[in-house]
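> Just a sequence and a predicted model for now, questions to come.
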Amino acid sequence: MNVSASISKTTSNHGFTLIELMVVMAVIAILATLAMPSGLNQRLRLQVVDAAHMADTIRQDVTNYYNRYHKFPSNNHKAGLPAPELLIGNKVTRIEIENGAIHITLGNKVYKSLQDKILTLRPAVVTGSPASPISWLCGFDTPVPGMTAVGINKTDLEEAIVPSSCTK
């Protein structure tokens, strides 16, 4: 056996060339850039969900008002709640009731892109049956046939970051 042939055989089996490593790094970089926006959207969506959870008790207050009077409160005061600017939290700067709809303004400890954005929760009633239980619609969600949404939807979040329970 020729010595130069055995040397070239052994050296070609020792690791990757610089070009091969650069190609692998480029592929990894491309995959990482594709994954980053979806990861960011997931983090934004979680902050929106946290803000929406703050309105759970307020939603119950609006439901109780409706069950008592068969109409929705026109504002926070009618619903027996503090003024909108006094309903704050880590991810919320205000919560306002407007004709039954709950408008949650995001802020404080949310990402900059969510600052001052609004998520709306709207009640949906069975058409012609005020004694039927109400449902709640979140964001861009629409009522099912036979139900009517109450209040105006002021949601101005990108649909990609609105929680799945809040889409059409």
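Arrived safely, thanks for sending.

> what secondary structure does residue 57 sit in?
Assigned by DSSP: H, G, I helix; E, B strand; the rest coil, the conformation of residue 57 is helix.

> Give me the neighbour count for it.
Residue 57: 9 surrounding residues under other CB atoms under 10 Å. Using the backbone N, CA and C atoms, a C-beta is placed for each residue, glycine as well.

> ok, it to residue 100 distance?
Counting by CB to CB, to the nearest Å, the gap from residue 57 to residue 100 is 16 Å.

> what's the answer for residue 140, then?
18 Å.

> Neighbour count: those two, which is higher?
residue 100 (24 against 14).

> residues in contact with the closest residue to that one other than its chain neighbours?
Distances taken as CB to CB, 6 or more residues apart in numbering put residue 72 closest to residue 100, at 2.8 Å, once the chain neighbours are dropped. Residues counted as contacts of residue 72 (CB atoms under 8 Å, 6 or more residues apart in numbering) are 62, 65-66, 99-100, 123, 150-151.

> Between which two of those residues is the distance greatest?
Greatest spatial distance among the contacts of residue 72 (CB to CB): 65 and 151, at 13.1 Å.

> in this structure, which spans are helices?
For the chain, the helices defined by DSSP state H occupy 3-12, 18-54, 56-69.

> Between helix 56-69 and the longest one, find me the angle.
It stands for helix 18-54. 40 degrees (axes from the mean of the first three to the mean of the last three CA atoms, to 10 degrees).
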